[in-house]
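Enquirer: model this:
(one chain, ligands or ions: 1)
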Amino acid sequence: MIIRFANKVMQPIRNKVGMPLRIHSWLRVETYNKQIGGAFKSFHIDGGACDFSVIGIKIEDAKKLIEPYLGVWGARMEIDTTDWVHVDCRPRKQGEPVTFYGRKIK
Ligand SMILES: [Zn+2]
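Expert: The predicted structure follows:
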């Protein structure tokens, strides 16, 4: 999953923002995901989710740049993060928005 996610979502994000990405968390082993209070069955476990910031761009501005393309890339984005952008490739139900409210992790 991680290679597909890198090709279909993360590289297009990198191209769109035009700046390097700083990866905060991408692939997590299950025990580490549990340890930090990550979501049960988190897409991070298979590398299908990534938390990142964009060098030189505020988190909120990076989200605004990315959001219009999430549907095209088959990705979703967590709305309420403040220190990083979380995107993942969890499939959406028909009509389900590309953004969602997550839950705070430690
Ligand atoms: Zn995440």
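Enquirer: from now on I want contacts and neighbour counts done on CA atoms only, so please keep to that.
Expert: Will do.
Enquirer: ok now do N33, which residues does it touch?
Expert: A39, S42, H44, I45 (Cα atoms under 8 Å, 6 or more residues apart in numbering).
Enquirer: hmm, the third one is touching W26, no?
Expert: Right, H44. Yes. Under the contact definition of Cα atoms under 8 Å, H44 touches W26, with a separation of 5.8 Å.
Enquirer: and for the two, which residues touch both?
Expert: Shared contacts of H44 and W26, counting by Cα under 8 Å, 6+ apart, come down to C50.
Enquirer: so which of these two has more stuff around it?
Expert: In this view H44 and W26 are compared by other Cα atoms under 10 Å, and H44 has more residues nearby, 24 against 20.
Enquirer: for that one, what are its contacts?
Expert: Neighbouring residues of H44 by Cα under 8 Å, 6+ apart: S25, W26, L27, R28, N33, C50, D88.
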